[in-house]
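**Student:** sequence-free structure coming up:
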């Protein structure tokens with residue numbers, strides 16, 4: 001009981017790591033079937049596993065939907081501020097601790113977006129499938145990260161196992177021929193009436209104003225893309241937020257497919273029941289369903305990959321595999337995020353990551369529990385010397 005009273009956080013972490021090991025989540029989920037795919041593997045670099053507490057925490061923050069992120073960050077910041085303010089300490093120290101918690105949350109959020117770190121990569125057993133991204137941006141987009149060139153975008157994809165990616169900047173056509181380190185393919189994301197349409201392939205400029213002001217005018221863009229020889233994919237979150245009652249009209253107008261997973265925070269909240277409705281519609285009309293990193297240079301890791309089969313068309317032409325923590329964003333209410341996001345993060349750990357977490361917790365616990373001699377400065381040397389004593 002004395003150990004629990006003195007180190008409640010460490011004991012709670014150990015308990016979580018052990019309890020969640022009995023009901024783990026798979027590392028990847030097929031976004032169409034909901035099952036764990038047996039022919040792909042999420043390969044984690046050694047440094048990713050060694051630094052698992054940092055790696056997993058930053059990944060879990062990356063896979064927040066916007067609504068859930070607001071709840072979690074607000075509750076965590078307020079909770080840490082209250083914990084610091086109510087500790088039995090002098091006033092100045094309580095104020096410092098109350099401020100340190102929210103500042104730490106802000107710094108952690110910044111690290112999630114900007115800190116370079118090792119990331120997992122997808123490895124597929126099927127050599128006939130191409131691991132591809134259907135929707136990504138460079139600095140040419142108005143909301144792209146400054147300095148996020150096509151070369152950096154290609155390197156970002158290559159690190160995570162992608163072999164190709166369409167470049168779909170906002171209203172700026174990409175038509176360079178890039179093959180190293182991966183193939184970058186031509187595309188654009190057209191912003192029209194309350195909808196973004198991802199155009200893939202040999203795209204030509206359009207008069208965007210002619211596809212504005214109403215849904216019927218917007219839908220004409222699918223026919224224009226067909227005449228150009230390009231594919232038109234309805235993007236998330238716009239068709240979910242603005243046009244979900246119009247999806248039959250999308251199909252009639254010639255849409256080639258729908259995004260069913262998009263890693264942007266504003267799109268990760270796409271509810272599972274609505275995704276299943278879109279899948280049923282796509283299967284009925286033999287339309288393509290895809291996942292999109294929607295990377296703008298602001299995240300280090302993707303939540304989704306596509307395995308595209310050469311020569312195949314329609315609904316069976318592409319498989320979408322995603323990190324389960326990303327798919328769960330649309331299944332749980334936003335106010336549950338402060339508790340449910342850590343819970344699902346711990347359930348999604350591999351055994352290597354779980355052992356890394358336990359090792360870090362136990363090392364820090366031992367260090368903090370080690371009695372210090374009078375006049376002996378704090379530091380890891382205390383632990384090393386103490387462990388070496390008979």
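**Tutor:** Okay, I see it. Computed from a predicted model, the values in this text were never measured in an experiment.

**Student:** what about residue 192, neighbour count?
**Tutor:** 22 (other CB atoms under 10 Å). C-beta coordinates here come from the backbone N, C-alpha and C atoms, glycine included.

**Student:** with adjacent residues omitted, what lies nearest to it?
**Tutor:** In space, residue 192 comes closest to residue 211 once its chain neighbours are excluded; the distance is 4.2 Å by CB to CB, 6 or more residues apart in numbering.

**Student:** isn't that neighbour up against residue 223?
**Tutor:** No. With contact defined as CB atoms under 8 Å, residue 211 does not reach residue 223; the gap is 10.4 Å.

**Student:** quick one, which of the two is more surrounded?
**Tutor:** Comparing residue 211 with residue 223 by other CB under 10 Å, the one with more neighbours is residue 211, at 22 against 13.

**Student:** can you tell me how far the more buried one is from residue 116?
**Tutor:** Residue 211 sits 39 Å away from residue 116, taking CB to CB, to the nearest Å as the criterion.

**Student:** likewise for residue 222?
**Tutor:** Distance from residue 222 to residue 116, counting by CB to CB: 39 Å.

**Student:** which of these two has more neighbours?
**Tutor:** residue 222 (23 against 7).

**Student:** confidence score at the more buried one?
**Tutor:** Predicted confidence (pLDDT) for residue 222: 98.

**Student:** please, which helix or strand holds it?
**Tutor:** Using DSSP states H and E, residue 222 sits in helix 215-228.

**Student:** packing partners of that helix?
**Tutor:** Contacts defined by 3 or more CB pairs under 8 Å, 6 or more residues apart in numbering; DSSP states H and E place helix 215-228 against strand 187-192, strand 195-200, strand 231-234, helix 247-253.

**Student:** quick one: contacts for the closest residue to residue 214 other than its chain neighbours?
**Tutor:** Excluding its sequence neighbours, the residue lying closest to residue 214 (CB to CB, 6+ apart) is residue 193, at 6.1 Å. By CB atoms under 8 Å, 6 or more residues apart in numbering, the residues touching residue 193 are 211, 212, 213, 214, 215, 217, 218.

**Student:** same check on residue 48?
**Tutor:** When contacts are counted by CB under 8 Å, 6+ apart, residue 48 touches 55, 117, 118, 119, 120.

**Student:** quick one: end-to-end length of stretch 58-75, please.
**Tutor:** With CA to CA, to the nearest Å as the measure, stretch 58-75 spans 18 Å from end to end.

**Student:** list the contacts of it.
**Tutor:** Under the criterion CB under 8 Å, 6+ apart, residues 105, 108-109, 111-112, 115, 117, 263, 265-269, 299-301, 303, 323, 325-326, 329-330, 332, 334-338, 341-342, 344-345 lie in contact with stretch 58-75.

**Student:** so which of those sit within helices?
**Tutor:** Among those, DSSP state H puts 105, 108-109, 111-112, 325-326, 337-338, 341-342, 344-345 in helices.

**Student:** which of these are buried, as a ChimeraX select command?
**Tutor:** Only the buried entries of those go into this ChimeraX selection, using 16 or more other CB atoms under 10 Å:
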select :105,108,111,112,325,326,337,338,341,342,344,345
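
**Student:** need the ones in helices among the contacts of stretch 58-75 in TSV (columns: pLDDT and distance to residue 164).
**Tutor:** Output for those, formatted as TSV (pLDDT from 0 to 100; distance: CB to CB, whole Å):
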residue	pLDDT	distance to residue 164
105	94	37
108	94	33
109	94	31
111	95	29
112	95	27
325	97	25
326	98	21
337	98	34
338	97	38
341	98	32
342	97	35
344	98	30
345	98	30
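
**Student:** so residue 165 belongs to a helix, correct?
**Tutor:** No. Under DSSP: H, G, I helix; E, B strand; the rest coil, residue 165 sits outside any helix and is assigned strand.

**Student:** the helix or strand hosting residue 155 - contacts with which helices or strands?
**Tutor:** Assessed by DSSP H and E, residue 155 sits inside helix 150-159. Counting contacts by 3+ CB pairs under 8 Å, 6+ apart, helix 150-159 packs against strand 164-166, strand 183-185.

**Student:** and with 6 Å instead?
**Tutor:** The helices and strands touching helix 150-159, judged by 3 or more CB pairs under 6 Å, 6 or more residues apart in numbering; DSSP states H and E, number zero.
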